[in-house]
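# Starting from these lines, generate the structure:
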Amino acid sequence: MFRHIKIYHRQSISIDELSSRLLGLGYERVTSVFQEGEFCVRGEVLDIFPFTFDFPIRLSWDFDVIEKIATFNPADGRLLWDYEVVVLLPRRKTQSVKRIIDIDPSVLEELPVYNFVDFREGDYVVHTEYGIGRYLGLRKAEFKGVEKDALAIEYLGGDILYVPIEDAHLVQRYMGFEKGIKVTLSRLGSSEWQRLKERVKRGIYNMAAEMLRAQALRSRLSGFSFPEDDEIQMAFETSFPYEETPDQRKAIEDVKMDMQSSRPMDRLICGEVGYGKTEVAMRAAFKAVLAGKQVAILVPTTLLAEQHYTNFRERMKDFPVVVEMLSRFRTRREQKRVLEGLERGEVDIVIGTHRLLSPDVRFKDLGLLVIDEEQRFGVKHKERMKRMRVLVDVLTMTATPIPRTLYMSLMGIKDISVISTPPQNRLSVETRLVRFDKDIIRQAIEKELSRDGQVFFLHNRVETIERRAKWLRGLLPDARIAVAHGQMLPAELERVMLEFINHKIDVLVCTTIIESGIDIPNANTLIIERADMFGLAELHQLRGRVGRYDRQAYAYFCLPPMELLSEDAKKRLKAIEKYSDLGAGFHLAMEDLEIRGAGNILGTEQHGYIAAVGFDLYCRLLRQVISEITAGERMGSF
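Numbering: from 1, shown residues only. Okay, here's the model as predicted:
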């Protein structure tokens with residue numbers, strides 16, 4: 001059994017006793033919590049930032065009983081979501097707070113994926129030893145003559161298992177990620193659950209071995225070791241006009257250590273929209289150029305390529321760095337000039353769409369490949385990326401933790417840096433589900449324009465977008481309204497976007513072309529027509545187009561009557577409204593998986609295993625298999 005502290009709602013424990021136990025686990029008492037491993041006490045409230053958590057938690061007392069457990073945003077103190085039980089882990093001398101592989105192996109075998117028990121009465125849950133049941137709530141139960149608080153779980157036939165609160169880490173909410181699956185309760189006293197676990201573990205083995213072989217092959221390759229930072233690099237970094245967040249600084253350090261190693265870098269930067277991933281990429285690119293290497297930055301859309309091109313040029317204008325772009329915004333003559341410059345080594349950094357993956361793109365000395373939102377590229381494009389990345393350092397950025405990445409990062413197979421700290425003064429976007437009504441829409445737009453702001457109005461049908469713009473002009477005759485979509489001629493689309501950026505347009509009627517990376521600080525109201533037609537990840541990504549600085553932003557998701565919506569659409573919209581706080585992306589990604597199923601990202605067989613034992617136990621089994629393979633052990637029992 002590993003050292004830990006379990007805290008649960010309505011627990012009888014004094015603040016002084018808990019503080020003493022936290023000190024014993026290596027936590028530091030401070031006046032305000034800002035980073036993992038810290039806690040502070042103010043009257044009847046104790047704040048603590050647990051190791052491996054993305055946000056700190058706040059405990060409130062009623063005399064010596066814990067009345068409330070909730071995470072909170074350290075930037076403004078707002079409570080985010082409540083918990084019933086939290087499991088706190090000890091500090092280690094070499095603790096890595098972002099890579100679960102660095103935690104003591106004895107902890108890994110029992111550690112839940114989320115480090116807390118996040119379920120409510122009526123939810124399906126999985127007990128590591130007894131299988132799938134239905135959670136009935138916290139009850140009093142007697143264990144060896146002593147009455148304790150316990151989790152009550154119902155199994156097949158109505159049998160009830162009482163799990164003492166000190167064993168709560170063995171229970172997690174069941175998540176199967178298979179759409180429409182019928183959950184079958186396990187039977188207490190049967191050996192079927194143990195046989196099922198062994199069957200799943202054997203099935204996991206081949207996949208884990210293949211992933212580890214690929215990692216081992218790459219680790220044996222010898223790449224280019226970039227030199228340590230010099231004065232020019234430091235001058236470039238000090239020109240950053242904002243203060244880096246702690247997570248951002250950690251990600252930058254991780255990337256530099258990777259680049260200075262002889263092993264080719266393959267790191268993922270995972271962070272919410274607008275949390276500073278691009279600055280990490282800029283510093284890596286600048287470091288590569290100083291070492292005489294070229295950099296390719298691959299993005300999914302022409303608009304994002306244009307924005308990165310503008311930002312990189314502006315950021316590096318005081319340094320001898322040549323930045324170019326390849327996309328359909330460029331003429332044939334301009335593309336030819338860039339291609340020749342790349343081959344001769346005259347272009348240091350090239351930013352582009354899938355055009356960068358064409359056979360005629362040849363580099364003199366490519367040293368770094370940056371991929372923004374890799375999951376948005378097709379299979380053929382990814383095959384070309386694989387060929388490019390054999391001996392080149394690779395940095396991938398994403399705002400959505402897609403399942404394969406999630407598994408690989410949890411297992412420590414892929415290097416990952418998570419940026420979960422919001423920039424200073426960032427406010428969450430106020431999200432409203434509304435019916436499509438001209439008065440609501442007019443008031444929302446007029447409210448934004450009255451503070452000299454701008455509006456995105458998303459109408460995702462090119463065939464009728466001009467008609468919608470005409471309707472809006474009739475509704476708001478004084479507003480400057482323009483249209484933008486992916487079927488426009490490149491020169492015309494570029495002109496419209498530049499006018500919107502320069503505030504010559506008040507309302508941009510657009511398609512999902514704005515989904516990736518468009519950063520317009522003055523646009524802080526988003527209106528989405530027929531929001532029920534979008535996926536959860538799409539809605540979250542689109543909502544990230546507003547609220548990127550310190551002004552309160554609003555997202556209006558316009559809907560037909562609720563009785564006309566599908567059950568899946570209702571679930572998505574309920575989730576997007578519930579998780580509107582900063583840092584909600586991970587929770588939304590998990591909700592999206594539960595609503596729509598996980599597709600075929602890991603293959604049908606592996607998804608069957610997840611459905612059989614639940615996501616959390618699947619991850620624990622995968623961790624154990626990887627540990628056994630790495631240690632050269634034969635498969636044993638779980």
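# going forward, measure contacts and count neighbours with C-alpha atoms only.
Fine.
# buried stuff in the helix or strand hosting Thr310?
Using DSSP states H and E, the element containing Thr310 is helix 302-315. Along helix 302-315, these residues count as buried under the neighbour rule (16 or more other Cα atoms under 10 Å): 302-309, 312-313, 315.
# Check stretch 469-476 too.
Neighbour-count burial for stretch 469-476, counted by 16+ other Cα under 10 Å, picks out 469, 472-473.
# Just the C-alphas of stretch 532-539, formatted as CSV.
Taking Å, rounded to 0.1, in the frame of the first residue of the first chain, the C-alpha atoms of stretch 532-539 are listed here in CSV:
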residue,chain,number,x,y,z
ASP,A,532,-26.7,21.3,-32.1
MET,A,533,-25.1,20.2,-35.4
PHE,A,534,-21.5,20.5,-34.0
GLY,A,535,-19.4,18.0,-32.0
LEU,A,536,-18.4,18.9,-28.5
ALA,A,537,-14.7,19.3,-29.4
GLU,A,538,-15.7,21.6,-32.3
LEU,A,539,-17.8,23.8,-30.0
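# In the longest strand seen in the chain, which residues are buried?
The longest strand of the chain (DSSP state E) is strand 131-143. Buried residues in strand 131-143, counted by 16+ other Cα under 10 Å: 131-136, 138, 141.
# quick revisit: closest one of the buried residues of helix 302-315 to Val496?
For the buried residues of helix 302-315, the closest approach to Val496 (Cα to Cα) belongs to Leu303, at 11.3 Å.
# Give the rounded mean pLDDT of stretch 332-341.
Mean per-residue pLDDT for stretch 332-341: 94.
# err, stretch 32-47, not the other one
On average, stretch 32-47 scores 86.
# buried set for it?
Residues 33-41, 46-47 are the ones in stretch 32-47 that count as buried (16+ other Cα under 10 Å).
# cool, and stretch 488-496?
For stretch 488-496, by 16+ other Cα under 10 Å, it's 490, 493-494, 496.
# one step back: which among the buried residues of strand 131-143 gets closest to Glu448?
Tyr135 (45.7 Å).
# quick one: contacts for that closest one?
With contacts defined as Cα atoms under 8 Å, 6 or more residues apart in numbering, Tyr135 is in contact with 120-125, 151-154.
# bridging residues for it?
Ile153 (DSSP bridges).
# And it, how far from Arg120?
7 Å (Cα to Cα, to the nearest Å).
# Same question for Arg10.
According to Cα to Cα, Arg10 and Arg120 sit 15 Å apart.
# try Asp258
42 Å.
# Look at the two and report which has more neighbours.
Per other Cα atoms under 10 Å, whichever of Asp258 and Arg120 has more neighbours is Asp258, with 19 against 16.
# can I assume the more buried one is in contact with Leu268?
No. Counting by Cα atoms under 8 Å, Asp258 stays clear of Leu268, with 11.6 Å between them.
# Please name the nearest non-neighbouring residue to Glu306.
Nearest residue to Glu306, sequence neighbours excluded (Cα to Cα, 6 or more residues apart in numbering): Met325, at 7.6 Å.
# Is that neighbour within a helix or a strand, and which one?
Short version: Met325 belongs to strand 323-326, going by DSSP H and E.
# Which per-residue confidence value corresponds to the nearest residue to Tyr275 once chain neighbours are set aside?
Spatial nearest neighbour of Tyr275, chain neighbours left out: Pro422 (5.8 Å); criterion: Cα to Cα, 6+ apart. pLDDT recorded at Pro422 is 74.
# Likewise for Phe319?
94.
# likewise Leu593?
pLDDT at Leu593 comes out at 58.
# Could you do the one 3 residues further on as well?
Arg596 is assigned 52 on the pLDDT scale.
# Run a quick neighbour tally on the closest residue to Gly547 other than its chain neighbours.
Counting by Cα to Cα, 6+ apart, Gly547 lies nearest to Ala553, which is 4.7 Å off, once chain neighbours are set aside. By other Cα under 10 Å, 23 other residues sit near Ala553.
# Any stretches of the stretch 251-400 of the chain with poor pLDDT?
374-376, 378-384, 386-390, 400 (pLDDT under 70).
# what ranges do the strands span in it?
For the stretch 251-400 of the chain, the strands defined by DSSP state E, counting those that start in this stretch occupy 266-271, 294-298, 323-326, 349-352, 366-372, 393-398.
# same check, this time on the stretch 451-600 of the chain
Counting by DSSP E, counting those that start in this stretch, the stretch 451-600 of the chain has strands at residues 454-458, 481-484, 507-510, 523-528, 554-559.
# In JSON lines, list the ones you listed along with mean neighbour count, mean pLDDT and distance to Glu272.
As requested, the strands of the stretch 451-600 of the chain are exported to JSON lines (neighbours: other Cα atoms under 10 Å; pLDDT from 0 to 100; distance: least, Cα to Cα, whole Å):
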{"stretch": "strand 454-458", "mean neighbour count": "25", "mean pLDDT": "96", "distance to Glu272": "20"}
{"stretch": "strand 481-484", "mean neighbour count": "21", "mean pLDDT": "96", "distance to Glu272": "25"}
{"stretch": "strand 507-510", "mean neighbour count": "24", "mean pLDDT": "96", "distance to Glu272": "23"}
{"stretch": "strand 523-528", "mean neighbour count": "27", "mean pLDDT": "95", "distance to Glu272": "17"}
{"stretch": "strand 554-559", "mean neighbour count": "22", "mean pLDDT": "92", "distance to Glu272": "17"}
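# Tell me which of those strands lies nearest to Ala70.
strand 554-559 (24.7 Å).
# then the closest one to CSV, C-alphas only?
Output of strand 554-559 as CSV, limited to C-alpha atoms (Å, rounded to 0.1, in the frame of the first residue of the first chain):
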residue,chain,number,x,y,z
TYR,A,554,-19.8,35.7,-24.6
ALA,A,555,-20.7,32.6,-26.6
TYR,A,556,-24.3,32.2,-27.8
PHE,A,557,-25.2,28.7,-29.0
CYS,A,558,-28.5,29.1,-31.0
LEU,A,559,-30.8,26.1,-31.1
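# Can you name every helix or strand that that strand contacts?
Secondary-structure packing of strand 554-559 (3 or more Cα pairs under 8 Å, 6 or more residues apart in numbering; DSSP states H and E): strand 430-435, strand 523-528.
# so which of the ones you listed gets nearest Glu243?
Glu243 sits nearest to strand 523-528 of all the helices and strands packed on strand 554-559, at 22.6 Å, using Cα to Cα.
# For the nearest residue to Leu366 once chain neighbours are set aside, the count of nearby residues, please.
The shortest distance from Leu366 to any residue other than its chain neighbours is 4.5 Å, reached at Gln294 (Cα to Cα, 6+ apart). Close neighbours of Gln294, defined as other Cα under 10 Å, add up to 25.
# Gln294 touches Leu368, doesn't it?
Yes. Counting by Cα under 8 Å, Gln294 does reach Leu368; the two are 6.7 Å apart.
# Are there residues contacting both of these two? Which ones?
Applying Cα under 8 Å, 6+ apart, one finds that Gln294 and Leu368 are jointly contacted by Ala288.
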